[in-house]
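>>> mind looking at a prediction? Sequence and model below.
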Amino acid sequence: MENLIALLVAAPLLGAAVLLCGGRRLDAVGHWIGVLMSTASFVFAVILFADLLGKDAEHRTLMQHLWTWIPVESFQADVTFRLDQLSITFVLLITGVGSLIHLYSVGYMEHDERRRRFFGYLNLFLAAMLLLVIADNYLLLYVGWEGVGLASYLLIGFWQHKPSAATAAKKAFLVNRVGDMGLSIAIMLMFTTFGTFAFGPVFSHAGDASEGKLTAIALMLLLAACGKSAQVPLQSWLGDAMEGPTPVSALIHAATMVTAGVYLIVRSASIFNGAPDAQTAVTVVGAVTLLFGAIVGCAKDDIKKALAGSTMSQIGYMVLAAGLGPIGYVFAIMHLVTHGFFKAGLFLGAGSVMHGMNDEVDMRKYGGLRKYMPITFITFGLGYLAIIGFPFLSGFYSKDKIIEAAFAKGGTEGWILGTCALVGAAITAFYMTRVMLMTFFGEERWKNQPTRSPEAPSAEPAAEHRGEHAEPHPHESPKVMTIPMIVLAFGSVFAGGFFGIGDRFLHWLEPVTGHSEGDSPLSAGAVTGATMVCLVIGVGIAYAMYGRRPVPSVAPRGSLLTRAARRDLLQDDFNHVVLVRGGEHLTRSLVYVDHTLVDGVVNGTAASVGGLSGRMRRLQNGFARSYAVSMFGGAAILVAATLLMRAV
Amino acid sequence: MSFPLLTATAVLPAIGAIATAAVPAARRTAAKWLALTVSLATLALAITVLVRFDPDGGRYQLTESHAWIKDFGVRYELGVDGIAVALIALTALLIPFIILAGWHDADPLETGSRRWRPTQGFFALILGVEAMVIISFEATDVFLFYIFFEAMLIPMYFLIGGFGDRAHEHGEEAASTQRSYAAVKFLLYNLVGGLIMLAAVIGLYVVAGNFSLQEIAQARANGSLHMATSTERWLFLGFFFAFAVKAPLWPLHTWLPNAMQESTAPVAVLITAVVDKVGTFAMLRFCLQLFPEASKWATPVILVLALISIVYGALLAVGQRDIKRLVAYASISHFGFIIMGIFAMTSQGQSGATLYMVNHGISTAAWMLLAGFLISRRGSRLIADYGGVQKVAPVLAGTFLIGTLATLSLPGLAPFVSEFLVLVGTFTRYPAIGIIGTFGIVLAALYALVLYQRTMTGPVKPEVSAMPDLRARELVVVAPLIVLLVFLGVYPKPVTDIVNPAVKSTLSDVHKKDPKPEVEAVAK
Amino acid sequence: MSPLQLAAYSTSTGEAFQFWVLGTVAVIGALSTVFMKKAVHSALSLAGTMIVLAVFYLANGAYFLGIVQIVVYTGAIMMLFLFVVMLVGVTAADSLKETIKGQRWLALLCGLGFGILLLAGIGNASLKQFDGLAEANANGNVQGLAALIFTKYVFAFEITGALLITAAVGAMVLTHRERTERAKTQRELSEERVREGKHVPPLPAPGVYARHNAVDIAGLLPDGTPSELTVSKTLRDRGQIRDVSAEALNDLRALEQRAQERLERTEIEPATFKREEASK
Amino acid sequence: MNPVNYLYLSALLFTIGATGVLIRRNAIVVFMCIELMLNACNLAFVTFSRMHGNLDGQVIAFFTMVVAAAEVVVGLAIIVSLFRSRHSASVDDASLMKL
C-alpha cells in the first residue's frame, strides 16, 4: 500500500513531462491527458484514504522510502514520503479540487492555442504541491515548495506576451523567493540544532532544544509561510497574480498553494509549541492580514482582485488559528479545507461570468446577470453564503471555531485577536455582499456600451481570438465548466457540517497536531451570536450602499481609505520606492564602481608601466659608446661589489 | 607497469589537437569531425577512469610516477582522487558539446571581411586546452601542475583574441580592438597570478626539497616537515593569489566579463566552465593540503571576499545590458559560492563546492550556449534588442528557461543540491556568513528572471519575428545537458559517493571536524 | 750580474729607476694615445707605450714575450694601424668634440671610479709572497714556455692557430670587394657632371711660384683672393694650405710703383683697375 | 721596489684605455685604446707570473697577443669596409641599432 504514495506524485509529473515534451502532436488530446492524470492521482488518494481509515487512529501513518537523495557525512537527505492524517487531508483537497479545475479548464481554455502547455503546467503544479504535502523532511518539502512557486510563475505568466502578466509572474516568484530564503535558513538552523531535518527526529527532539533556537527556526518558518501564503508583509504579489487565467487563480491562488504556509506552520506544530514568542508573531501576522485583505477586498472593482483580497483575509484567519497553538491547529486546517471548496467555487463562478462577458472583469460593468446565467448565480451564491459564514454552511462551522479559539487564547491577547476576527467577519460579509450585488443584481450596466473598457486592468486576451467586439450578450457556460462549479458548491454547503458536527475532523487530525480546549471567557453560544450580529451588520451596510442605490459604472473618487485600499494600501508603492528604485540605483552605481575603480586600478597600473617603459626606451639611443659606458659602469660596480664582499 | 590511463586521457586530445591543426585548409569539415571524434574518444577514456576509480580505495589512484628533472626532484607524477575524477569527467564531457556548439563559429566570414578565421586552429586550440586542463587535474607534482596551469593561457589567449562573435553591434574594427583588449587583459591577469605562484613554488622547493604533493602533504601531516608560520603564510598567499585570479574572486574578477563578452559562446563556456575550475580545484588540492595552518589563518578574509563576490556579482549581473556580461557576472557570483564552500572547512561545504564545480559547469554550459544560439540568430548581444522570443521559438525559449532555472538553482535541478550543501556547510560554522550568502539566492532569481523576461516574454519585436527555432545540431547540444541537470538534481548520489572520501581526507589534512549539532536527534 | 738573477730578486734599485722613468713615459704615451687629435699621432704614441711595455716584460724576466711584443705588436700590428689610417685618411671623426650629451662626463666618471676601485683592490690584496722566475727560467725562458705551450696548453695553441687562419680569411673576405657594376666610361662621367651642373671644365691648377713647393698654395683670383678649388681636398681637410694672397698683392703693388717711377705715368686708381679687371 | 707597482701601472693603463674607448669617436683610435687595455692585462700577467714563479702567466699573455693580432686584423678589416660603405670611420655613425 505504501508504494501507492509515490504514484500520487508520479502521475501528474508524468503528465507534465509528456505534455511539455510532446510537442504539437498532442495538441488535440493534451488537455484530456492532463485531466486523466490528475484524476488518476485523485483515485490513488482515495484508495490510500480508505486504507488509512482502516487503521486505528494511532497508526494512521504510511511511510515510503524511495532513495537516498543527498548523503554527505551527517547531512542525510532522503526522498521519503509520509502520509498521515494531515497529509491525506491535503492530498484529497488538492487532487479533488485540482481535478475539478482541470475539467473546468478544458472548457475555459478551449480557444487558447497553447492549451496543451497550460495543462502541462497545471499537472506540474499538482505534482509539486503533492510533493510538498507528503514530503517526510523539510528539504524535500522545500523542493515541492519551490516547485509550486515555479508552477505559479509559469501559470501567472501564461499569457507571456502581456508585459503585465510577465511582470506579475516575476514579482510573484521573487517575493516567494524571499520567503523561501526563510525556509532554507530554517532548514540550516534545524541541521545545526538537531543534526537532521527529517520530521520524525526533529519533532521528537524539539523539546530538548533551547527556546532561542526554536524561536529562530519558528520565525524563519513564519517568514516562509508569509511568502507563500501572501501574508503581510509579503502579500503584495497575490493581487497581481490575478493576471493568470482564472482556473489558475482558483486552484493555486485560492484553494491550494497559498494555503501551503498554513500547512507548514501546522506541520511544524511541535516547534512552534516550544516557541511562544514566535506563536504570538504568527497570530499578529494573521490578524493584521485578515483585516488588511478584507479592507483591500472592499475597494476593488476588479472581481478577481476583490476575491484575491478575500483569499488573503481568509488565510489570515487560518494563520491566526495556527498561531493559537493546539487550540487552533485543527480549525486552521478545517477552515482551510472548507475555504478550498467555496473560494474555488467563487473563482470558478467569476471565471464563468467573465467567460460570458467577453472577459470583462470590472464589476461596475456587470449587473443583473442572475437571469442570464442561473447556474453560475446559484453556485456563486452558495459559495457566497458559505464564506460569510451563513448558519449551517461550511464557513459557519470553520470560521466560528476559529473566532472561538481566538477568544479561548485567553487574556487581553485573546480579546484583541477575537475582536479582530469578529471585525474581519463583518467586513467579509460586507465586501462579499458587495461583489454579489454588483454582479448579479441591480440594473444591467453592460447594456448599450462598447465591450471591455480598455483600462480594465487584467483583461484576458482570450477575447481577441474569440473576435467579439459587439455589446456582450451574457450566456451560461458549457456543461464542462458548470459541473465542477456545482460539485464545489455542494462541497461548500455540506463540508463544514460534515466536519464540524460531532467534531469528526477534530478527532481525525488530533493524533497529528494535538488539541487542547482553551478556557474561553465567552461561551460558544455567545461567540456565535456575536458573529451573527457582525454578519448582519456587514450585509446590511453593503445592501444599503449597493443594493438600494444604482451603482455608478465609473468608480467614484471615494474616501482616502478607499483610494488607498484600491492601491493595496500603498504597500506596492512602498516596495517600488524603497526596493525597486533603491536596487536600481545600487546596481547602477556598482556597475560604475566596477568599471572605474576596480578596473581602473588595473588599467592605471598598465598605463603607468607603459609610460615608464616609454622613458626607459630613450636609454637605447643606439650609440655603441653609450652602451660601452653602461657596460663599463657595470664592471666598476662589480669590482666594487667584490671589494665590499671581501671587506665584509 | 599497467596501462598509463591518466597519461592517455591527457595525451589523446593533445595528439588530436596536432592532427586537427595539420588538416589542410581546404578540408575544413574533416577537421571538425576529427576534433569531435577525438573529444568523444577522450570522453570514453575519462569514463574508463571514472569506472576504474574506487571511491573507497586509496586516496590517489591510477598513479603514475617517473623521474623527470632529477636535479630539482621534479617528477612526472599523476594521480586522481575523487574530486579530480569528477572534474576530469566534467571536462571531457563538456568539450564535445563545446565543439559541436562552435561548429560554425570559426568558418571563414563572408567575403569582404578582412578577418582571417582558421577553422582548424579553432578546434585544435580547444583540444589543446582540454589536454592541459585534464593533466593539471591529474598532476600530483606541484611543478608539473604549475607548468600546465600556465601553459593553458596560450591557447586561451588565441581563442579569445582570435575568434569573436560573427556579428558585432559596433562593427568589425571596434570588435577586433575590444577582442584583443579582452585577450590581453585575460593574459596579463593570469600571468601576474602565475608569476607570484612561481615564486611560491620555488619557495616551497627551498623549504620542502621536492615538489611531490603527496610527500610534502605526508611530511606536513606527520610533522616531519616543519614550516615557520610566516613562511607557510607567504607561500599560501602566493599559491592562493594565482588561484583566486583564475577562479575570479572579487576584486580580481574584472578580466572575466571582458573575456566572456568578447569571445564566442563556446569559448566563453570553455573559460568559465572548464578553465576556471582549475583555480578552485587547486585551492582545494594544493592550498589546503600543503598549507593547512595558513589556510585556516586566512579563512575569515577569504570567506568575506567570497561573500562579496556572491552579492557583488549578482548585483552587477542585474545591472548589465549585455547578455554575455550578465552570464559572466552570474558566474562570478557562483564562484563566490564555490570558494565559500571550500573554505567553510566542513564536509558539506567542500563536497558541496566540488559538486558545485560540476553542476555550475553543466548549467552554465547550457545557459551560455543557448544564449549564444540566441545571439547568433539576432546578431546582437544587447538584451534590449530581444523580446517575445518564446512566441516565435518556443523550444529555444523553453530550454533557455530551464537553463535560467538551473542558474537560480531551483530545487530539482542539479545546482540546487550543491548550493544548498555549500550554504549549510558554511552555516554550521559561520551562521552570519551563511545567512548573507542566502541573499544570493534571491538576487540570482532576480537577474536570471529579468534576463528571461526581457528577452523571451512580452510583445514580439519585429527583428526577432523571423527567428528560427533550435536546429537539430543545437538540440543535440542542449538536450543531454538538460537531462544531466535534472538527473544530478534528483539523484546526485553517484557524484557525492565519489567525492565524499576525498573531501574527508582533505578535511583531515587541515585537522578540522564538522561541528556537532546541539541536540543529538539522530542515533549514530 | 745577469738579468736572470736580476729578475729573481725582489728588485734592484736599477729596475726601480727604470720603472719610474719608463712608467711615466708609458702613462704619457697612453694619455696621448687617447687625447691626440690625429689618429697618426695616437698610433705613434701607442707604439711608444708598447715598446716601454716590452722593456718591462724583459725586466720581468719574460724575455720571449718582450721580443714578441716588439716584433709583433710594435712591428706588425701598429704598422697595420698606420696603413689603415693612411687608407681612411683624415675624417671629421678625429675631432675631440663630443656629440653624445653627457657622454664625456659619464666616461670620465666611470673611468675614474673604475681606476680608483682597481687600485684600491690591488692595494688591499695580500701580495706578500714573491718568488722570482729563477728556477722557472732555469733552462731558458723560451724552453720553459715551449714546454708549457706544447704540453699543457697544446690544445689552446692549436685553437689559436685555427683562429688566426680564420681571422686572415675573414679579413680578406671583408676587405676584398668584387666589382659588381660596370665601371662608368669617360663619356658617362662627363654627362653625369654636366647633368649635375658641377664644375664642368677641369679644376684650375694651384698657383705656381718658383719659390714654393706649389701644390699647397692656392691659386689667386684676379683680385688676389685665393681660390679653394685649386688645392686638393686632403690638404684642405688637413688645413695645410698656405695662403699667399696678402704678400702677392704687396708684390704686385710694389711692381706697379716701380713701373710708374720708370715711365712717369699717372697712377691708375686701383678701383678702376679693379673694375676693368672685373669686366674682363 | 715592490713589483706590485707593475700591477698599479697596468691598472692605470687599463683605465686610460677604457676611458679612451668611451670618449673617442674615431673607430681606429678606439681600436688602439682596446689594444692598450690588452697590453695592460699582459703586463699584469707577466708580473704575476714573476711573482708566483711559474710561466703560465706568460703563456696566457702570449695567447692574448695571438688573439689580439687576430682581432686587430678582423677589426681593421671591418673598419675599412665600413669606411668604404659610408665614408666615415666614426663609431657613432654606425648607430643603426636604434629603433
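Perfect, I can see it now. Numbers count the residues shown, from 1 in each chain, chains lettered A, B, ... in the order given.

>>> and the helices in the stretch 401-550 of chain A?
Secondary structure of the stretch 401-550 of chain A by DSSP state H, counting those that start in this stretch: the helices cover A:411-440, A:462-466, A:479-500, A:504-513, A:524-542.

>>> nearest to chain D, of these?
Within the helices of the stretch 401-550 of chain A, the stretch nearest chain D is helix A:462-466; the backing value is 72.2 Å (CB to the nearest CB). C-betas here are computed from N, CA, C, even on glycine.

>>> okay, buried residues for whichever helix in chain D runs longest please.
Ranked by residue count and defined by DSSP state H, the top helix of chain D is helix D:56-86. For helix D:56-86, the neighbour count (16 or more other CB atoms under 10 Å in any protein chain shown) marks D:56-83 as buried.

>>> re the thing from before, make a markdown table out of the helices of the stretch 401-550 of chain A and add mean pLDDT, distance to chain B and mean neighbour count.
A markdown table is the format used below for the helices of the stretch 401-550 of chain A (pLDDT from 0 to 100; distance: least, CB to the nearest CB, whole Å; neighbours: other CB atoms under 10 Å in any protein chain shown):
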| stretch | mean pLDDT | distance to chain B | mean neighbour count |
| --- | --- | --- | --- |
| helix A:411-440 | 87 | 30 | 22 |
| helix A:462-466 | 44 | 13 | 14 |
| helix A:479-500 | 85 | 27 | 22 |
| helix A:504-513 | 83 | 19 | 19 |
| helix A:524-542 | 87 | 39 | 17 |
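
>>> so which of those helices gets nearest D:M37?
helix A:462-466 (100.5 Å; CB to CB).

>>> please tabulate the helices of the stretch 401-550 of chain A in a markdown table, including the columns distance to A:D400.
Formatted as a markdown table, the helices of the stretch 401-550 of chain A follow (distance: least, CB to CB, whole Å):
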| stretch | distance to A:D400 |
| --- | --- |
| helix A:411-440 | 9 |
| helix A:462-466 | 39 |
| helix A:479-500 | 8 |
| helix A:504-513 | 13 |
| helix A:524-542 | 6 |
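
>>> make TSV from the ones you listed and add distance to chain D to it.
Shown next, in TSV, are the helices of the stretch 401-550 of chain A (distance: least, CB to the nearest CB, whole Å):
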stretch	distance to chain D
helix A:411-440	86
helix A:462-466	72
helix A:479-500	86
helix A:504-513	87
helix A:524-542	93
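
>>> looking at those helices, which is nearest to B:L225?
For B:L225, the closest of the helices of the stretch 401-550 of chain A is helix A:504-513, at 59.7 Å, according to CB to CB.

>>> I'd like to know which elements the closest one is packed against.
Counting contacts by 3 or more CB pairs under 8 Å, 6 or more residues apart in numbering or on different chains; DSSP states H and E, helix A:504-513 is packed against helix A:85-108, helix A:329-356.

>>> got the angle for it vs helix A:329-356?
Orientation note: helix A:504-513 sits at an angle of 120 degrees relative to helix A:329-356 (axes from the mean of the first three to the mean of the last three CA atoms, to 10 degrees).

>>> coming back round to it: any residue of the longest helix of chain D up close to chain A?
No. Using CB under 8 Å from any CB of the partner chain, we find that helix D:56-86 stays clear of chain A, coming within 11.9 Å at best.

>>> is chain D within reach of the strand or helix carrying C:L118?
C:L118 belongs to helix C:103-124 when elements are defined using DSSP states H and E. Yes. Judged by CB under 8 Å from any CB, helix C:103-124 comes into contact with chain D through C:103-104, C:106-108, C:110-111, C:114-115, C:118-119, C:122.

>>> after that helix, next one along is what?
Downstream of helix C:103-124, the first helix or strand assigned by DSSP H and E is helix C:141-147.

>>> re earlier: highest mean neighbour count out of the helices and strands packed on helix A:504-513?
Ranked by mean neighbour count, those are led by helix A:329-356 with a mean of 29 (mean count of other CB atoms under 10 Å in any protein chain shown).

>>> what residues does chain C have near chain A?
Within reach of chain A by CB under 8 Å from any CB, chain C has these residues: C:100, C:103, C:106-107, C:110-111, C:113-114, C:117-118, C:120-121, C:124.

>>> pLDDT added to those, as TSV?
Output for the residues of chain C next to chain A, formatted as TSV (pLDDT from 0 to 100):
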residue	pLDDT
C:I100	77
C:Q103	83
C:L106	87
C:A107	88
C:C110	89
C:G111	89
C:G113	90
C:F114	90
C:L117	89
C:L118	88
C:A120	87
C:G121	85
C:N124	80
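
>>> quick one, which of the helices of the stretch 401-550 of chain A gets closest to A:L586.
A:L586 lies closest to helix A:411-440 among the helices of the stretch 401-550 of chain A, at 37.6 Å (CB to CB).

>>> and residue 31, what does it touch?
No chain specified, so I'll use chain A. Contact analysis of A:H31 by CB atoms under 8 Å, 6 or more residues apart in numbering or on different chains lists A:102, A:105-106, A:109, A:115-116, A:118-119.

>>> should've been chain B
Shown in contact with B:A31 (CB under 8 Å, 6+ apart): B:20, B:23, B:119-120, B:123-124.

>>> secondary structure and pLDDT added to these, as JSON lines?
Compiled in JSON lines, these are given as follows (DSSP: H, G, I helix; E, B strand; the rest coil; pLDDT from 0 to 100):
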{"residue": "B:T20", "secondary structure": "helix", "pLDDT": "89"}
{"residue": "B:V23", "secondary structure": "coil", "pLDDT": "83"}
{"residue": "B:T119", "secondary structure": "helix", "pLDDT": "81"}
{"residue": "B:Q120", "secondary structure": "helix", "pLDDT": "84"}
{"residue": "B:F123", "secondary structure": "helix", "pLDDT": "90"}
{"residue": "B:A124", "secondary structure": "helix", "pLDDT": "91"}
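
>>> scan those and report the most crowded one.
Within the contacts of B:A31, B:F123 tops the neighbour count with 30 neighbours, counted by other CB atoms under 10 Å in any protein chain shown.

>>> flag the shaky bits of chain D, pLDDT-wise.
For chain D, applying pLDDT under 70 flags the ranges D:94-99.

>>> just give me the neighbour total for the residue of the stretch 51-200 of chain C found nearest chain B.
Residue of the stretch 51-200 of chain C nearest chain B, by CB to the nearest CB: C:F155 (29.4 Å). By the criterion of other CB under 10 Å, C:F155 has 8 neighbours.

>>> immediately after the stretch of helix or strand it belongs to, which helix or strand?
Following DSSP H and E, one finds C:F155 within helix C:154-175. Once helix C:154-175 ends, the next helix or strand along the chain (criterion: DSSP H and E) is helix C:186-196.

>>> just the element for residue 2, please.
Let's take chain A. Counting by DSSP H and E, A:E2 is found in no helix or strand.

>>> sorry, should have said chain D
D:N2 belongs to no helix or strand when assigned by DSSP H and E.

>>> how many neighbours does it have?
Using other CB under 10 Å, D:N2 has 13 neighbouring residues.
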